[in-house]
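Asks: give the three-dimensional model of this entry:
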Amino acid sequence: MADKPFKGKMNVRGTEITVLSVGNEDDFISLTDIALYFIAIVWKSYHAVGNFGG
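Replies: Next up is the predicted model:
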């Protein structure tokens, strides 16, 4: 039986995340990777405006 493709969306605190899946054992969602991506964006934007603290 062929895997059935899946497309879904979830909204996490105002950020929409689209999930694309082919439905096999190789599919996964790394919430850690998503969190690290958003942390990097916030870090870059925070330091881009000269907010170095201290």
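Asks: the strands in this structure, which residues?
Replies: 6-12, 15-21 (DSSP state E).
Asks: for the chain, give me the ranges with low pLDDT.
Replies: By pLDDT under 70, the low-scoring segments of the chain are 1-3, 49-54.
Asks: now the residue most central in space within it. Nearest residue, chain neighbours left out?
Replies: The centroid of the chain falls nearest to I34 when counting by C-alpha atoms, centre = their mean (3.2 Å). Excluding the flanking residues, the one nearest I34 by C-beta to C-beta, 6 or more residues apart in numbering is I17, at 6.8 Å. Yep, even glycine has a C-beta here, placed from its N, CA and C like the rest.
Asks: can you pull the contacts of the one you found?
Replies: I17 makes contact with 9-11, 34, according to C-beta atoms under 8 Å, 6 or more residues apart in numbering.
Asks: could you check how far it is from H47?
Replies: 25 Å (C-beta to C-beta, to the nearest Å).
Asks: repeat for S21
Replies: Applying C-beta to C-beta to S21 and H47 gives a distance of 35 Å.
Asks: more crowded one of these two?
Replies: S21 (15 against 11; other C-beta atoms under 10 Å).
Asks: I'd assumed F6 was in contact with that one.
Replies: Yes. Counting by C-beta atoms under 8 Å, S21 touches F6, with 4.2 Å between them.
Asks: nearest to F28, of the strands of the chain?
Replies: Closest of these to F28 is strand 15-21, at 9.2 Å (criterion: C-beta to C-beta).
Asks: parallel or antiparallel, list what pairs with that closest one.
Replies: Strand 15-21 sits in its sheet next to strand 6-12 (antiparallel), going by DSSP bridges.
Asks: now what about the strand it pairs with, what contacts it?
Replies: By C-beta under 8 Å, 6+ apart, strand 6-12 touches 16-23.
Asks: so which of those is the most crowded?
Replies: Going by other C-beta under 10 Å, S21 tops those with 15 neighbours.
Asks: ok, now which ones touch it?
Replies: Contacts of S21 (C-beta under 8 Å, 6+ apart): 5-8, 27.
Asks: mind listing the helices for this structure?
Replies: Counting by DSSP state H, the chain has helices at residues 31-48.
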